[in-house]
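Pasting the sequence and the predicted model now:
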Number of protein chains: 4
Amino acid sequence: MASKLDLAAPDLARIVAEVAAEVQPHRGEGHVADYIPALARVDGKRFGLAVITVDGETAEAGDAWMPFSIQSISKVFTLTLALQRLGDELWKRVGREPSGSRFNSIVQLEAEHGIPRNPFINAGAIVVTDALMEGRPPMEVVTDIRDNLRRFADNATIDVDKEVASSEAATGFRNYSLANFMRGFDNLKSPVEDTLTAYFHQCSLRITCRQLARAGLFLANGGKDPISGEQIISPEHARRICAVMMTCGHYDASGEFAFQVGLPGKSGVGGGILAVVPGKAAIGVWSPGLNESGTSQVGALALEKLAAKTGWSVF
Amino acid sequence: MASKLDLAAPDLARIVAEVAAEVQPHRGEGHVADYIPALARVDGKRFGLAVITVDGETAEAGDAWMPFSIQSISKVFTLTLALQRLGDELWKRVGREPSGSRFNSIVQLEAEHGIPRNPFINAGAIVVTDALMEGRPPMEVVTDIRDNLRRFADNATIDVDKEVASSEAATGFRNYSLANFMRGFDNLKSPVEDTLTAYFHQCSLRITCRQLARAGLFLANGGKDPISGEQIISPEHARRICAVMMTCGHYDASGEFAFQVGLPGKSGVGGGILAVVPGKAAIGVWSPGLNESGTSQVGALALEKLAAKTGWSVF
Amino acid sequence: MASKLDLAAPDLARIVAEVAAEVQPHRGEGHVADYIPALARVDGKRFGLAVITVDGETAEAGDAWMPFSIQSISKVFTLTLALQRLGDELWKRVGREPSGSRFNSIVQLEAEHGIPRNPFINAGAIVVTDALMEGRPPMEVVTDIRDNLRRFADNATIDVDKEVASSEAATGFRNYSLANFMRGFDNLKSPVEDTLTAYFHQCSLRITCRQLARAGLFLANGGKDPISGEQIISPEHARRICAVMMTCGHYDASGEFAFQVGLPGKSGVGGGILAVVPGKAAIGVWSPGLNESGTSQVGALALEKLAAKTGWSVF
Amino acid sequence: MASKLDLAAPDLARIVAEVAAEVQPHRGEGHVADYIPALARVDGKRFGLAVITVDGETAEAGDAWMPFSIQSISKVFTLTLALQRLGDELWKRVGREPSGSRFNSIVQLEAEHGIPRNPFINAGAIVVTDALMEGRPPMEVVTDIRDNLRRFADNATIDVDKEVASSEAATGFRNYSLANFMRGFDNLKSPVEDTLTAYFHQCSLRITCRQLARAGLFLANGGKDPISGEQIISPEHARRICAVMMTCGHYDASGEFAFQVGLPGKSGVGGGILAVVPGKAAIGVWSPGLNESGTSQVGALALEKLAAKTGWSVF
């Protein structure tokens, strides 16, 4: 059977190597997140890149095996679980429009009565987490999310970094503010403390570029994991998650990412980015220094180069 | 030579016919723009659909030959001309982020010192038009834009509807407000009256679905018109125009369009929509009734069905 | 010694009686606060009015002896205590400008980095309460505030309504949101839970019109209680508290109150209003039905009539 | 008959002299408005102060006889004329709440459908001017306003500075933006160009401190000019104009002015301030350097000192 890709495997490996070489001089650029100690002490010069195709070909470079804090990238996977379980009912509680605002802005929430613009700003992700609670104790929900991420990534070692989780809880005043605000509009069903415990823990999962790419592969393949054969989510939902990643995946710099890279993506302040090449591949990239919108600066540069060399931009 | 498409021509024709049949009961839904008489008197039950592939295959249904007011869809073509002539300098004067606001909002402009968020909200399109002025009399600029649209559409009959243009000028207080606001920040170089004359005229061009699809075909083909062979704009610029269409093409409902249709698109309050299928085709659809975000309601539905049946969503 | 008033005592009594008679047909107008049960079950037809002059003359009408929930009027007294103890340092943490927004808006806080516009919107009052904490347990602060209010009102029976306090805590998500938001900007020094415990309790104090007028009398007399002779606060601070009451005392309807009544005032959602006639008198009025800005509708009407009949408007 | 004042005339003269002496070292502080040449070339060290009591006593210091550009202070007089002619109908087109925003902000207008918050922000003053047009040619309206100001000031030499007026028109893009914005909401009745011509000319009137105090004296005396005996406006309207001056007279620094000075006032970017002492006096002060809110820095300082020394604060 012919590959679905336009690219032969050796070419992919070569391109990944080229990209890693070309971003080498940029390593260390950007500003490592320092709002909690466990993130601040990460070496800003790290860089990892991993690509997995729907045919199962892989290519990696740099620190692709080194775990980092998943942070907001987890929002893609909790959205997947929430759509799988609740279906389109979820969209009554969260929108799917770009917000035009920063990740933690509360302004839009006031005008729009506690309904967050999309599931990838903090307020939206808190609502999605709340939708997964279903009356369960928060740590049971955390285990549920972690186990699903292990399944998506086909890796049983993925786990929560407890130090990060407790630091997030101790410093997350803005998230407490957002959660209470939405609770006041009755758009949070569980106690604020419970939902945020689950939320902070899911953001504190540690993952590698390779695991990340593997975990996102079903999104590139119509919702079906091409390796295990499992249909994780319907093709329609997979497409739509990608659409939300494209328009909302990088807060108030989503347009820029679409413009420069042209792929659905989701970044986290741990420096990771998951990008999806519909029909073709998933990409995990990591470099801790962030640009002013909170996206990995060198990671985004690597994706731009990768997309240019492979012609994988969807546009 | 094999077609670049996944779809045989007879299948395309059948799908277009199916879509037209399926939207038939919805014709007349939505609200026809009524802020100027010439738009208000259009028959709300009209519906046209035209598809042109990069291989030159075409398929049409309904009122695909009937001219309508291009309105904001013209912004795609003036953006093309501005990027062609000024290159990336243009982005100093206008951003490429979704605004999260309505098409004519002025709120964001105040906080961001007169730099519009993107070229597809009114403020941004006025700046793009201003960038095309280069000291010329406004009607010379209008002729320039019209002649280029004729060239893109390969049709010499496209022209301005003078009644619409003068109605736009007579009622366009919000656009005067936006333009003066930006002039106060020195982000308009020509006199407000001149730039708006050019702007109102370009929005008043009349076009058919077929001409619209034809005119947008270069965007689906890396900036090169596949029929004439002319490279209208660089592949990179073509990709990026599509990216901006995806994230910003429908004002505060851009996320919804990406979610439902999954194609770069641009709507106008005349009821038309241009959608681009990168690498494959361009689509012009028209139906005058608008949804509450100002996008053709039946037009968007037709595109959603067409994307589902063809698998043309980029996601 | 001649009275400082322009008004003889019998005239004052007559005017108060007239006002009570004239508002009689309006009793029950407005909407009784119903966000907590203890407020919702108050009889909306109640009306009380009490005036005390700096000469010690008093006049009352209606339910002037019936206790009601002080709610936001307490903000005047905690501001007094905070200025007394911290002096003008307080203004580093809270502004003194009208916000142009509703009492619980969070929008302005985001743009202004966690510094509330004035001490009478909720966010500002929470900061003022926090400034009074000084490391003490919250209930000790509550006792402190209560005891001072007893002293100002010369009445040892004033106390917290514990049912209201616990209802406030149970439903006060917006206040938790505001407090956490400011804590994230480091403009709250005590734990959110502690500061809000103190805040909710001070809002739950029960007071009568008569006690309220008596408690506010020092503000009409250059900061000195004319009856006890105690200088509670400096003349300058007293004047400035009145100024803030004038420009900010009624949230986004402060201009309207200045326009209609022309006196410094502070309203609470319990239906009470404290008004100060500089150099002359203090007024407590109560009627539970609120207008859409959250000020007692009949209470404001009574003050408007009283100001007109006495000529006490400062303007 | 005893004076209505608490102050003997020699004391007033002494206090005015003291104030002038105390602000002497501050002369030149602040930033002279430089958006038009005719304002920019004013000597920043100028300072004038004039007080006129309702008994007709006057006291002056410094450049009290030197004309300056009235700018926004004219808004008090056009509001007077509009209330005189239209009565409370005017309030359907403009509010009387502080805006919490800068003088030329357009943000609030969008959310509130073209109704400006108050008559002293630019948008509101443009509406008030428009209400005075009544179909007349703009220069006839200008003459009308000028002649009334001459009458209020009892001085036939007051006139428009034509250079300033045409500079205002040439650079007033923000005002064109505001006017067109409101026209789009049908809250401007005359053509934008006409209303703004009248508006720019009224802002370009030249006046001295002495004339300004004289012109505002009726506001301190229940709407009646105590010298001519003419009832210019009803007592109620006079009180209410003062109320709006108190809460809205200095844009987003109105609270600060109430706090520091405690008098109804209105500032202009020409460096003048009109302050009213209800029942007692009117004050004109001028010094060109502005603070960051656009109010005369030394002028406000002089008023603060004058209010402190005379005890004239209304609070």
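Done, it's in.

switch to C-alpha atoms for all contacts and neighbour counts from now on
Fine.

After the one helix or strand in chain A whose mean pLDDT sits lowest, which helix or strand is next?
Within chain A, confidence by mean pLDDT, DSSP states H and E is lowest for helix A:107-111 among all helices and strands, at a mean of 83. Next in sequence after helix A:107-111, counting helices and strands by DSSP states H and E, comes helix A:122-133.

Mind giving me the packing neighbours of that following helix?
Using 3 or more CA pairs under 8 Å, 6 or more residues apart in numbering or on different chains; DSSP states H and E as the contact test, the elements touching helix A:122-133 are helix A:74-86, helix A:173-184, helix A:192-203.

The last one: how far from the chain's middle?
Its chain's C-alpha centre lies 17 Å from the corresponding centre of helix A:192-203 when counted by CA atoms, centre = their mean, to the nearest Å.

The residue in chain A that chain C sits nearest to: what's it in contact with?
Residue nearest to chain C within chain A: A:S177 (3.7 Å; CA to the nearest CA). Neighbouring residues of A:S177 by CA atoms under 8 Å, 6 or more residues apart in numbering or on different chains: C:Y176, C:S177, C:L178, C:A179, C:N180, C:F181.

how about 10 Å then?
Taking CA atoms under 10 Å, 6 or more residues apart in numbering or on different chains, we find A:S177 in contact with A:104, A:106, A:123, A:183, A:192, C:106, C:173-184.

In chain A, mark out all the helices, start to finish.
A:9-23, A:37-40, A:74-86, A:107-111, A:122-133, A:138-153, A:162-171, A:173-184, A:192-203, A:209-220, A:235-248, A:254-260, A:297-310 (DSSP state H).

Test my guess that A:V276 contacts A:A220.
Yes: counting by CA atoms under 10 Å, A:V276 touches A:A220, with 5.7 Å between them.

higher neighbour count, those two?
Higher neighbour count among A:V276 and A:A220: A:V276, with 32 against 28, using other CA atoms under 10 Å in any protein chain shown.

Might you report the residue contacts of the residue lying closest to that one once chain neighbours are set aside?
Among residues not flanking A:V276 along the chain, A:A282 sits closest, at 4.6 Å (CA to CA, 6 or more residues apart in numbering or on different chains). Contact analysis of A:A282 by CA under 10 Å, 6+ apart lists A:50-54, A:58, A:210, A:212-221, A:264-265, A:274-276.

Tell me the residues of chain A that contact chain C?
By CA under 10 Å from any CA of the partner chain, the residues of chain A that approach chain C are A:104-111, A:171-186, A:192.

could you redo the last one with a cut-off of 8 Å?
Taking CA under 8 Å from any CA of the partner chain as the measure of proximity, chain A contacts chain C at A:105-107, A:110, A:171-174, A:176-181, A:183-184.

Next, count neighbours for the closest residue to chain B within the stretch 151-300 of chain A.
Closest contact between the stretch 151-300 of chain A and chain B, by CA to the nearest CA, is at A:G255 (4.3 Å). Per other CA under 10 Å, the neighbour tally for A:G255 reads 32.

Does it touch A:G249 like I think?
No: counting by CA atoms under 8 Å, A:G255 does not reach A:G249; the two are 9.2 Å apart.

Tell me how far A:A8 lies from A:R14.
10 Å (CA to CA, to the nearest Å).

So for those two, which residue has more residues nearby?
A side-by-side neighbour count of A:A8 and A:R14, using other CA under 10 Å, places A:R14 first with 13 against 10.

Local confidence estimate at the more buried one?
At A:R14, the pLDDT value in this model is 96.

in chain A, which residue is closest to the centre?
A:I73 (1.9 Å; CA atoms, centre = their mean).

residues contacting A:D43?
Contacts of A:D43 (CA under 8 Å, 6+ apart): A:P288.

should've said A:I15
Neighbour list for A:I15: A:L306, A:K309, A:T310 [criterion: CA under 8 Å, 6+ apart].

Could you verify my assumption that the first one touches A:A21?
Just to be clear, that refers to A:L306. No: the criterion here is CA under 8 Å, and A:L306 misses it with A:A21 at 11.7 Å.

can you pull the buried residues of stretch A:110-126?
The neighbour-count check on stretch A:110-126 (16 or more other CA atoms under 10 Å in any protein chain shown) flags A:110, A:114-126 as buried.

before we move on, back to that, may I ask which two of the residues of chain A next to chain C are separated the most?
Greatest spatial distance in these: A:E110 and A:T171, 22.9 Å, computed using CA to CA.

in the stretch 1-150 of chain A, which segments are predicted with low confidence?
In the predicted model of the stretch 1-150 of chain A, residues A:1-6, A:103-104 satisfy pLDDT under 70.

Identify the residue spatially nearest to A:P264, adjacent ones excluded.
Of all residues not flanking A:P264 in the chain, A:M246 sits nearest, at 4.1 Å (CA to CA, 6+ apart).

Against A:V261, how distant is the one you found?
Distance from A:M246 to A:V261, by CA to CA: 10 Å.

try A:L306
When distance is defined by CA to CA, A:L306 is 8 Å away from A:V261.

before we move on, what about A:T197?
34 Å.

Give the residue from these two that has the larger number of neighbours.
Neighbour count, other CA under 10 Å: between A:T197 and A:V261, A:V261 has more, with 27 against 20.

residues in contact with the more buried one?
A:V261 neighbours (CA under 8 Å, 6+ apart): A:A300, A:L303, A:E304, A:K305, A:A307, A:A308, A:S313.

out of these, who's near chain B?
Among those, chain B is touched by A:S313 when using CA under 8 Å from any CA.

From the contacts of A:V261, keep the buried residues only.
Of these, these count as buried by 16+ other CA under 10 Å: A:A300, A:L303, A:E304, A:K305, A:A307, A:S313.

Just the pLDDT at the second one, thanks.
Among the per-residue scores, A:L303 shows a pLDDT of 98.

The last one too?
Confidence per residue is given as pLDDT, and for A:S313 that number is 96.

burial count for the residue nearest to it when sequence neighbours are not counted?
Spatial nearest neighbour of A:S313, excluding adjacent residues (CA to CA, 6+ apart): A:G262 at 4.6 Å. Residues near A:G262, counting by other CA under 10 Å, number 28.

Can you pull the phi and psi angles for A:G262?
Backbone torsions of A:G262, given as degrees, to the nearest 10, read phi 80, psi 30.

now it: how far from A:T247?
11 Å.

can you check A:N180 too?
27 Å.

For the nearest residue to A:I227 once chain neighbours are set aside, what are phi and psi?
Sequence neighbours aside, A:G56 is the residue nearest to A:I227 in space, at 6.9 Å (criterion: CA to CA, 6+ apart). With angles defined as degrees, to the nearest 10, A:G56 sits at phi 90, psi 0.

Is it correct that A:G56 is in contact with A:D225?
No: judged on CA under 8 Å, A:G56 makes no contact with A:D225 at a distance of 10.3 Å.

Looking at these two, which one has more neighbours?
Each of A:G56 and A:D225 has its neighbours counted (other CA under 10 Å); A:D225 has more, 22 against 13.

thought A:V16 was touching A:A61?
Yes: between A:V16 and A:A61 there is a contact under CA under 8 Å: 6.7 Å.

Give the full set of residues in contact with A:L86.
Neighbours of A:L86 in contact, by CA under 8 Å, 6+ apart: none.

Go again with 10 Å.
If you count contacts by CA under 10 Å, 6+ apart, then A:L86 has A:A131, A:L132 around it.

Same question for A:E134.
Contacts of A:E134 by CA under 10 Å, 6+ apart are A:V141, A:K189, A:S190.

Sweet, I'm off.
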